[in-house]
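Q: The amino acid sequence is not available; the structure is as follows:
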C-alpha cells in the first residue's frame with residue numbers, strides 16, 4: 001500500500017487537492033450560490049485519481065530510466081511489479097471517471113453550461129496525459145512536454161471553477177497563469193537535473209541549449225508568473241495592500257536566482273513547488289479580509 005501511494009506521488013497530489021476547491025471557491029465568491037461541498041469533493045477526488053494515474057503511467061514508462069535517475073522509486077526498487085502497476089493505473093483511471101461523472105450529477109441546476117466546459121477540460125486533460133507518455137510522446141520532445149505538464153497542472157483550477165459554473169471569473173485565470181508559469185519553470189529545471197539520465201531517450205532543452213541558458217530562461221518565466229500573481233491585487237478583486245500576504249511566495253521565487261546560478265536544481269524545484277502552495281494559501285487569506 002505504501003509503495004502504491006508513492007507511485008501516485010503524493011506531493012503532487014497535495015497541490016491538485018488544494019487547487020480544485022480553490023477554483024470553485026473563487027468562482028462562487030460574492031455570489032448567492034451556496035458552496036456545493038459534495039460536488040467539489042467528487043471533482044477533487046476525480047483529479048486526485050487522475051493525477052495519480054498519470055504519475056503511475058509516467059513511472060511505468062520511465063522504469064528503465066529511473067533505475068539510474070531515481071532508483072528509490074517503487075518500480076526500479078522492486079517494491080512493485082510492472083504488472084501490478086499497470087492494473088493499479090487502470091483502477092485509478094476508472095475511479096477518476098466515476099468521480100467526474102458523480103460530480104457532474106451532484107450539482108444542483110445541472111445544465112450544458114456546467115457539463116460542456118467541465119467535460120471538455122477533463123477530456124482535453126486526458127488526451128494530454130495519454131499523449132505525454134504514449135502516441136505523440138510529448139515527454140520526449142523537450143519544451144512541448146514541459147508545456148503539456150504545466151497545462152495539466154494549471155487546468156485543475158479551471159476544472160474546479162468550471163464544475164460550479166464560474167469559468168468566466170478573471171481571478172481564476174490569473175491563478176492559472178501563476179501555476180502554469182511556475183510549473184513550466186520547474187519542469188525546465190527538473191530537465192537540467194535529469195539531463196545525464198535522459199541521454200538517448202529524450203531531447204530536452206538543456207541538451208539543446210545547455211543548462212545555464214535553460215536556468216536563465218526558467219527564471220524569466222518565474223518572473224512572468226509573478227506578474228500574474230500581482231494582477232489580482234492591481235486590477236481586483238483584491239486590494240493592493242493585500243499583496244503583502246503574498247510576500248512569502250514572492251520572496252521564495254525572486255531569490256531563486258542564486259541557487260539557479262549555482263546549479264542547485266533539486267533545491268530550486270522544491271522551492272518552486274512550496275512557493276506555489278504558499279501562493280494558493282495567500283489567495284485564500286486575501287479573500288477573507
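A: Alright, I've got the coordinates. Keep in mind that this is a model prediction, so the values were computed, not measured.

Q: Show me how this structure divides into domains.
A: 1-166, 169-289 (automatic domain parsing).

Q: end to end, how far does the first one reach?
A: Separation of the first and last residues of domain 1-166 by Cα to Cα, to the nearest Å is 37 Å.

Q: quick one: contacts for residue 147?
A: residue 184 (Cβ atoms under 8 Å, 6 or more residues apart in numbering). For the C-beta atoms, the positions are set from N, CA and C on the backbone; glycine is no exception.

Q: So which other helices or strands are in contact with the helix or strand harbouring residue 176?
A: If you go by DSSP states H and E, residue 176 is part of helix 170-193. In terms of contacts (3 or more Cβ pairs under 8 Å, 6 or more residues apart in numbering; DSSP states H and E), helix 170-193 is packed against helix 10-28, helix 143-162, helix 205-209, helix 211-234, helix 265-287.

Q: if you average pLDDT over each of the ones you listed, which comes out lowest?
A: Across the helices and strands packed on helix 170-193, helix 10-28 has the smallest mean pLDDT, namely a mean of 84.

Q: And stretch 274-282, how far out from the chain middle?
A: Mean-position distance between stretch 274-282 and its chain equals 13 Å (Cα atoms, centre = their mean, to the nearest Å).

Q: Buried residues in that stretch, which are they?
A: Buried positions in stretch 274-282, judged by neighbour count with 16 or more other Cβ atoms under 10 Å: 275, 276, 278, 279, 280, 281, 282.

Q: likewise stretch 210-226?
A: Buried, per 16+ other Cβ under 10 Å, within stretch 210-226: 211, 214, 215, 217, 218, 219, 221, 222, 224, 225, 226.

Q: Repeat that for stretch 179-193.
A: So for stretch 179-193, counting by 16+ other Cβ under 10 Å, buried means 179-193.

Q: residues in contact with residue 177?
A: Contact partners of residue 177, counting by Cβ under 8 Å, 6+ apart, are 154, 224, 225, 228, 231.

Q: what do you get for residue 131?
A: 137, 138, 148.

Q: hmm, try it at 6 Å
A: Taking Cβ atoms under 6 Å, 6 or more residues apart in numbering as the contact definition, residue 131 lies against residue 138.

Q: go on, residue 117?
A: Residue 117 sits next to 162, 167 when contact means Cβ under 6 Å, 6+ apart.

Q: cool, and residue 61?
A: By Cβ under 6 Å, 6+ apart, residue 61 lies in contact with residue 133.

Q: Give me the distance between it and residue 140.
A: According to Cβ to Cβ, to the nearest Å, residue 61 and residue 140 sit 10 Å apart.

Q: ditto for residue 210
A: Using Cβ to Cβ, residue 210 is found at 19 Å from residue 140.

Q: Could you dump the contacts of residue 177 into CSV and include distance to residue 54?
A: Shown next, in CSV, are those (distance: Cβ to Cβ, whole Å):
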residue, distance to residue 54
154, 14
224, 25
225, 22
228, 24
231, 29
